[in-house]
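# the sequence isn't on hand, but the structure is:
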């Protein structure tokens, strides 16, 4: 009996909670039921957490070329030595295969190079301004770096740069290009779509025709043309922003159409007329009554357009049209895997494709979950 | 506001000085466009030369089939739509007259305090992203009430007035049923103490059981707050219950206007009579042949010659097919637009037949 009373009050409490829940709370309640989206959000959180930690997680200077260690296969850290805990990597002796002249490495089981956490390594600027030289993992004796520049967790490329450390940097550039590109897309899309949908008439007609003409141009040639227009003497940072703008030029049309459609639909809603009849101004109607009606759709659209930005940058750079070395991005690292012979002999150079796939899938699942949660009032 | 104000020239049909709103020759045409260049190839005559007056404190029912222009008339009066021509004279509290149809944006904003609207669909007329406090309090906010404490007190008072608990003001519309939402809409309309409330089919989206509650609420509020209603509806029994006078529209034109009982018992226009016959009588023993109106409603884009009703009218003569009838007072307080109004003996709705 007493239990029943308690459940009844709890029900009443839950009902009240539902009644006063805002749009965001309702969205969150629905979103958290979407397990793949939650997992994806956590994975993406980890990837973006790597931003400030890129150099800290690197085991060697990503820019350092080391002559004896090119095309080295991924190395394994062994944590136990004769049953006692003493992390180490084995020494290597490079040699040339007398039959094929291929460069090979002989593992020296007796040469154990000590490895430790929070080791001293190459110097870098943490968050861009704090001088630091500690790394999550590194050689116990920093002097080892003179003869062997890194642990080579993911092996090395054709000139002996450490793939793991480079991947950490590539991750930062490729993922941030997605965010910045989407920010530009968002501003352009909401502006153009808003004007188009709210005012209608000839303005709407002109903007829609521009979008249609743009959509009719094949993507790749236009990309190539625009990328070719990026001057050769620009610095890495300038090229980075140039490419971001090029990518956004492709992204905004979808966003503009979403926003326009929503404005067109909501313009005719009774509650918009009610607001007008109450004496509300246009700004208030647009930002308090109409925009909140599709914040959620914008978020879903964003989460689905970030991966296309990342893929876009990766493809452009892979084709040699995007970022240029010394910048490091997924696409630039994958350039090395363009040659089938290289891939056959040194398959670890393809490893970079894995984080690309993970990130893209995660964004798509996240977008899926957001889209389902986006309309908390629908069924 | 001064330049909008005219001297008292109102030509009240009944000679009464307590007219609150007078509509003269109101027209609202929507252009039909075609092709890339949006060439105008015709007009939809949604409201075509409608005139009537609403007295202070009364309820005027406006009835007609779907698409007859009653909602457009209501929206023109609220200036949610700009009329194509005609005048809408509103008498302010100090007695001066304002032509709502041509008023500028600033005085119109002031006028919003006096005229408010209740919407048909309570599910689309409340912003889903705003709490009750924000929805009902918005008219207060945009008309200069900056103090949130004063606003929430006023919102609580309004919610009590329409029969909702003030504690609900933090809730969002999704937590309410249709009837409750309509009460919220009424509370919003009353926020600024209006004198005229235009109710655009306020109960037709509600369950029958809830309809009665909302109708009674509207009647009570009218008494308490001395409101004047323009009540747009298509349900004749609802209109009969709440209205003092009833106006009937057909294809954008007004065909009849009279006191409620007079119109129901003694209709002068064949269309009104047909409408009254169409009211279903909830009596299984009633086997009487019912009169069924034949033909389709005329298109307001391409209305017939003469009287718009002539193709469906059983009493139509040659004059009906060529000449447009004049809307005139054939008996005291009974206006009708029919060539044969005085000679026809039409059937009304007897008290016994009223569904309740």
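In hand now; what should we look at? The structure presented is a predicted model; accordingly, all values stated were derived computationally and were not measured. Numbering: from 1, shown residues only, chains lettered A, B, ... in the order given.
# quick one: buried residues of the helix or strand hosting residue A:194?
With secondary structure defined by DSSP states H and E, residue A:194 is part of helix A:163-199. Across helix A:163-199, burial judged by 16 or more other Cβ atoms under 10 Å in any protein chain shown covers A:163-178, A:180-182, A:184-186, A:188-190, A:192-198. Where C-beta positions appear, they are placed from N, C-alpha and C, glycine not excepted.
# tell me what that helix is packed against?
Counting contacts by 3 or more Cβ pairs under 8 Å, 6 or more residues apart in numbering or on different chains; DSSP states H and E, helix A:163-199 is packed against helix A:35-57, helix A:201-216, helix A:236-267, helix A:295-318, helix A:330-335, helix A:353-374.
# roughly how far apart are residue B:256 and residue B:315?
Using Cβ to Cβ, to the nearest Å, residue B:256 is found at 14 Å from residue B:315.
# for these two, indicate the residue with more neighbours.
Shown here are residue B:256 and residue B:315; by other Cβ atoms under 10 Å in any protein chain shown, residue B:256 has more neighbours (27 against 15).
# is the more buried one in contact with residue B:272, as I believe?
Yes - Residue B:256 lies in contact with residue B:272 (Cβ atoms under 8 Å); the separation is 4.8 Å.
# name the residues contacting each of the two.
Here residue B:256 and residue B:272 have B:248, B:263 as joint contacts, going by Cβ atoms under 8 Å, 6 or more residues apart in numbering or on different chains.
# run through the bridge partners of the spatially most central residue of chain B.
In chain B, the centroid-proximal residue (Cα atoms, centre = their mean) is residue B:232; its distance is 3.1 Å. Following DSSP bridges, residue B:232 is listed with bridge partners residue B:62, residue B:200.
# what's near enough to touch it?
Per Cβ under 8 Å, 6+ apart, neighbours of residue B:232: B:61-63, B:70-71, B:73-74, B:198-201.
# which parts of the stretch 201-350 of chain B are strands?
B:228-233, B:245-250, B:253-259, B:328-331, B:334-336 (DSSP state E, counting those that start in this stretch).
# ranking those strands by mean pLDDT, which is last?
In terms of mean pLDDT, the lowest-scoring of the strands of the stretch 201-350 of chain B is strand B:328-331 (a mean of 88).
# just give me how far that strand sits from the chain centre.
Distance of strand B:328-331 from its chain centroid, counting by Cα atoms, centre = their mean, to the nearest Å, is 22 Å.
# what lies in contact with it?
Around strand B:328-331, the neighbours that count as contacts under Cβ under 8 Å, 6+ apart are B:13, B:268, B:335-337, B:341-342.
# which pLDDT value does the model give residue B:351?
52.
# coming back round to it: would you mind putting the helices and strands packed on helix A:163-199 into JSON lines with distance to residue B:127 alongside?
As requested, the helices and strands packed on helix A:163-199 are exported to JSON lines (distance: least, Cβ to Cβ, whole Å):
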{"stretch": "helix A:35-57", "distance to residue B:127": "28"}
{"stretch": "helix A:201-216", "distance to residue B:127": "24"}
{"stretch": "helix A:236-267", "distance to residue B:127": "10"}
{"stretch": "helix A:295-318", "distance to residue B:127": "13"}
{"stretch": "helix A:330-335", "distance to residue B:127": "44"}
{"stretch": "helix A:353-374", "distance to residue B:127": "17"}
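# return the most buried member of the ones you listed.
Mean neighbour count (mean count of other Cβ atoms under 10 Å in any protein chain shown) peaks for helix A:330-335 among those, with a mean of 24.
# and the next helix or strand after that helix, what does it pack against?
Counting by DSSP H and E, the next helix or strand C-terminal to helix A:330-335 is helix A:340-345. If you count contacts as 3+ Cβ pairs under 8 Å, 6+ apart, helix A:340-345 packs onto no helix or strand.
# any residues touching helix A:340-345, and which ones?
Contacts to helix A:340-345, defined as Cβ under 8 Å, 6+ apart, come from residues A:71, A:102, A:158, A:336-337, A:349-350.
# many thanks, we can stop here.
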